[in-house]
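Q: structure for this input, please:
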Amino acid sequence: MAESHFSERMEEIETVFEEIEKSLADPEVISDPSRLPDLGRRHSELKDVVAGIRRWKQLNTDLAEAREMSDDEDMAALAKDIRHEIEELEERIKDALVPTDPHDAKDVILEIRSAAGGDEASIWAGDLLRMYEKYAERLGYKVEPMEVSGSETGGYDKVTVAVKGRGAYSRLKYEGGVHRVQRVPRTESQGRVHTSTATVAVLPEAEEVDIGIEPSDVRVDVYRSTGPGGQSVNTTDSAVRLTHIPTGLVVSMQDEKSQLQNKEKAWRVLRARLLQMEQEKAAAELAGERKSQVGTGERSEKIRTYNYKENRVTDHRVGLTIRRLDQVLEGDLDEFVAALSAQEQAERLAEAEA
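A: Numbers count the residues shown, from 1 in each chain. I've put the predicted structure just below:
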């Protein structure tokens, strides 16, 4: 980051912080529940950064004064120490000024679907769900079932869960994509290794304030829940289907016995998907985030490969291989998350310096 640009960014941040503090002291803002939480969050995010900026300014003043008396040995040594502290502080401030993903603190809606590989792909989808449940447990997050479509083999054709906990999206957002497994299926009598895939989509859960939806734009249909083969499993119209007319998005929920609960879950998923569409539009992407995450599910497409014979997991985006597949499947994803987070941070820093 060029020195002049760095100084300008610090001035901008300090100005924004001062404006936020003025707003937080304004009685009109204090009484407005729609503005107060966001301002409070921004104040908390910037507080330490601004303290560092003000310390940096003071140190530069001290350095100028020490240099004026650099003929004195003690002052020359002091100037050297101050310069060293300034350099360290600059690096910390630069890291803090790298733009962050505004959705990092949000809860997550996680969708897992079986893809290539038939029954084995469904079983693999179930294994991935268990891996994420274990990972969430390690982090103290809560996993809430949303929608389940089981397969006859005991796996899942599709399963949707909500993962709730501060920073859930920041930890799970790198999981979106095609996950490829290479192993001998339980149903394979010849001992041959098969390759199967499941797709994962990670959506930040949207609040009503994040995405506005006109009620008149959503058609609500209710119907009886159905089980395998299409037979009715409920005597009441508890299942809910939401159709967002402007986009054609359709969300169906039937796992709860209560129509109200199914409707609430359907709205949550609809908001998350519409928020993602807004993100894609803002980023001017030709292919949507969700589409780029899950691809077509073909065996050749993958973000990560899990090889049972070699006890290894390879993340193809960062070229990281870990030979502890058993531990990874027990939810030990920290090394992958750290590597992918570092890559994202480097990319954002490069963009900020451009």
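
Q: ok, and the closest non-adjacent residue to residue 165?
A: residue 141 (3.3 Å; CB to CB, 6 or more residues apart in numbering). All C-beta spots, glycine's among them, are computed from the backbone N, C-alpha and C.

Q: what number of residues lie near the one you found?
A: 22 (other CB atoms under 10 Å).

Q: residue 338 now?
A: Applying other CB under 10 Å, I find that residue 338 has 12 neighbouring residues.

Q: mind checking the SS state of it?
A: Classification of residue 338 by DSSP: H, G, I helix; E, B strand; the rest coil places it in helix.

Q: and the strand ranked longest in the chain, which residues are buried?
A: Counting residues, the longest strand in the chain under DSSP state E turns out to be strand 194-204. Buried residues in strand 194-204, counted by 16 or more other CB atoms under 10 Å: 194-204.

Q: C-terminal to the helix or strand of the chain with the lowest mean pLDDT, what's the next element?
A: When the helices and strands of the chain are scored by mean pLDDT, DSSP states H and E, helix 289-294 comes last with a mean of 53. Note on helix 289-294: by DSSP states H and E, the next helix or strand toward the C-terminus is strand 304-307.

Q: hey, where'd the helices end up in the stretch 1-150 of the chain?
A: 3-24, 27-30, 36-68, 73-97, 119-139 (DSSP state H, counting those that start in this stretch).

Q: quick one: list the elements packing against the shortest one.
A: Counting by 3 or more CB pairs under 8 Å, 6 or more residues apart in numbering; DSSP states H and E, the packing neighbours recorded for helix 27-30 are helix 36-68.

Q: tell me the helices and strands packed up against the helix it packs on.
A: Against helix 36-68 (3+ CB pairs under 8 Å, 6+ apart) you get helix 3-24, helix 27-30, helix 73-97.

Q: identify the residues contacting the shortest one?
A: With CB atoms under 8 Å, 6 or more residues apart in numbering as the contact definition, helix 27-30 has outside contacts at 23-24, 35-36, 39.

Q: swap in 7 Å and give it another go.
A: If you take CB atoms under 7 Å, 6 or more residues apart in numbering as the criterion, helix 27-30 is touched by 23, 35-36, 39.

Q: which pair in those spans the largest distance?
A: 23 and 36 (9.2 Å; CB to CB).

Q: who has more neighbours, the two?
A: Per other CB under 10 Å, whichever of residue 23 and residue 36 has more neighbours is residue 23, with 17 against 14.

Q: flag the shaky bits of the stretch 101-250 of the chain, pLDDT-wise.
A: Where the stretch 101-250 of the chain drops to pLDDT under 70, the residues are 208-210, 225-236.

Q: could you rerun that using 80?
A: Within the stretch 101-250 of the chain, the stretches with pLDDT under 80 are 101-103, 149-154, 186-191, 206-213, 224-238.

Q: could you pull out the strands for it?
A: With DSSP state E, counting those that start in this stretch, the ranges of strands along the stretch 101-250 of the chain come out as 108-114, 142-150, 156-164, 177-183, 194-204, 218-223, 239-244, 249-253.

Q: looking at those strands, which is closest to residue 95?
A: strand 194-204 (23.1 Å).

Q: and for stretch 260-276, what are the contacting residues?
A: By CB under 7 Å, 6+ apart, stretch 260-276 touches 109, 146, 160, 203-206, 210-211, 213, 238-240, 242, 244, 249, 251-254, 256, 289-290.

Q: which among those residues end up buried?
A: 109, 146, 160, 203-206, 210-211, 213, 238-240, 242, 244, 251, 253-254, 256, 289-290.
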